[in-house]
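Chemist: Got a sequence here, can you build the structure:
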Amino acid sequence: MDNTRHLIISGFLSIFIAVCGTLGYMIIEGWDIFDSVYMTVITLATVGYGEVHEVSRLGRIYTMFLIFIGGGFCVYVAGLAVQFMVEGQIRAILGRKRLDRKIRRLKDHYIICGYGRIGRVLCSKLKKGKSFDLVVIEKNRKLVPVMDEDKILYIAGDAADETNLINAHIKRAKCLVAVLATDIDNVYLVLTARQLNPDIYIMARAGSQEAKSKLRAAGANKVESPYEMGALSMAQRILRPTVTNFLDLALAYKHKDIQMEEIPVTASSELADVMLKDSGIRQNYNLIIIAIKKPDGSMLFNPSFDTRLNAGDTVITVGEGANLNKLEKVLNP
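Modeler: Numbers count the residues shown, from 1 in each chain. Below is the predicted model of the structure:
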């Protein structure tokens, strides 16, 4: 039985004892309800006030019994209530310190500002995909139990407050995602985050078309509108249902036999400066190279066999998850 339930049951039992004590004085002494309640309360509280009326011999025996049974139990309930409050505060303090220690150790992590409908789904998808270190900043205290349940590192406070961003170690973070409720809040957050870390990658949510330009001017690298993305996704499902079904399978990480991944090519890779025909990617890993993204942002679709892999390229490939992991260890050791 947990402490909360134990405390509730003990409280109900205390009320039950007080009612029984009141009825006892009304029956034994024939007092009215007010005098009986008063006598019961001062007896259970053991405050030592005098009796409201002269008590009979049977009434005195009943009073001693009430003190022995009810008084001791009420003292126990009071102690339990104090213990519950103290332990609750201690748990909250220790839990907060444990979260702060984990956050202090993070580097190249992702800061998610806002844990509403979009923020929670975003964190869930990131956790199911690659292993990302996430820190959420959310000012709605009602969402704290939800974040505890989801086992998310979080800071309870305003995301636009510099102190909270510094506590989330924004200067060591790799990316910040602004998904607050309003465009005004997101614009102010982006301005503050860009001031604290000029090099961080910032993605922001826009609720309207007008807000996009303001968020970019504030310093956002990428601005997305959930409404536009949702409408575009619905249109693609109508126009190209087979293509969208394929992408759903490849990007959902639910099927081991087909996944799509982007893998950077580092200078230390054994395949750097090697042509695709000599890389053995198709033969050794049974993967299909869909495109190669160059460092300048240009995209080379369906690269030919004589295309050379260079350091700084990003390879977009499709195949089994296990084979993708093997290729990643080669391209990005």
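
Chemist: Please list all residues in contact with residue 191.
Modeler: Residues near residue 191 by C-beta atoms under 8 Å, 6 or more residues apart in numbering: 218, 219. Using the backbone N, CA and C atoms, a C-beta is placed for each residue, glycine as well.

Chemist: any idea how far it is from residue 184?
Modeler: Distance, residue 191 to residue 184, using C-beta to C-beta, to the nearest Å: 11 Å.

Chemist: now do residue 205
Modeler: 12 Å.

Chemist: Could you do residue 235 as well?
Modeler: Residue 235 sits 30 Å away from residue 184, going by C-beta to C-beta.

Chemist: about what we covered before: which one's more surrounded, residue 205 and residue 184?
Modeler: The neighbour comparison of residue 205 against residue 184 (other C-beta atoms under 10 Å) goes to residue 205, with 25 against 13.

Chemist: So which residues of this structure form helices?
Modeler: 3-28, 33-45, 57-66, 72-104, 117-128, 144-149, 162-167, 183-196, 209-218, 226-239, 241-251, 276-279, 281-285, 321-331 (DSSP state H).

Chemist: which residues does residue 154 form a beta bridge with?
Modeler: Residue 154 forms beta bridges with residue 136, as assigned by DSSP bridges.

Chemist: residues touching it, list them.
Modeler: With contact set as C-beta under 8 Å, 6+ apart, residue 154 has these partners: 99, 115, 135, 136, 137, 138, 144, 147.

Chemist: let's see 10 Å
Modeler: Shown in contact with residue 154 (C-beta atoms under 10 Å, 6 or more residues apart in numbering): 99, 103, 112, 115, 123, 134-138, 143-144, 146-148, 168.

Chemist: Could you do residue 64 as well?
Modeler: residue 43.

Chemist: For residue 41, see how far away it is.
Modeler: For residue 64, the distance to residue 41 (C-beta to C-beta) stands at 17 Å.

Chemist: what do you get for residue 27?
Modeler: 18 Å.

Chemist: who's more crowded, those two?
Modeler: Set residue 27 next to residue 41 and count neighbours by other C-beta under 10 Å: residue 41 wins out with 15 against 11.

Chemist: Poorly predicted segments of the stretch 151-300 of the chain, please.
Modeler: The model of the stretch 151-300 of the chain has pLDDT under 70 over residues 250-257.

Chemist: give me that answer again for 90
Modeler: The stretch 151-300 of the chain contains residues with pLDDT under 90 at 151-152, 156, 160, 181, 207-211, 225-263, 267, 269, 271-290, 295-300.

Chemist: Give the buried residues for stretch 284-297.
Modeler: Neighbour-count burial for stretch 284-297, counted by 16 or more other C-beta atoms under 10 Å, picks out 285, 287, 289, 290, 292, 293.

Chemist: again but with stretch 35-42, I slipped
Modeler: Buried-residue list, stretch 35-42, by 16+ other C-beta under 10 Å: 35, 36, 37, 38, 39, 40.

Chemist: Surely residue 133 and residue 168 touch.
Modeler: No. In this structure, residue 133 is not within contact of residue 168 by C-beta atoms under 10 Å, at 11.2 Å.

Chemist: what residues are shared contacts of these two?
Modeler: Taking C-beta under 10 Å, 6+ apart as the contact rule, residue 133 and residue 168 both touch 103, 106, 109, 111, 153.

Chemist: quick one: which of those residues is nearest residue 223?
Modeler: Distance to residue 223, by C-beta to C-beta, is smallest for residue 111 among the shared contacts of residue 133 and residue 168, at 16.8 Å.

Chemist: Who does the closest one form a beta bridge with?
Modeler: Beta-bridge partners for residue 111, by DSSP bridges, are residue 135, residue 176.

Chemist: Please report phi then psi for residue 267.
Modeler: phi -70, psi -20 (degrees, to the nearest 10).

Chemist: What's the local residue count around the nearest residue to it once chain neighbours are set aside?
Modeler: Nearest non-adjacent residue to residue 267, counting by C-beta to C-beta, 6 or more residues apart in numbering: residue 311, 4.0 Å away. Residue 311: 15 surrounding residues under other C-beta under 10 Å.
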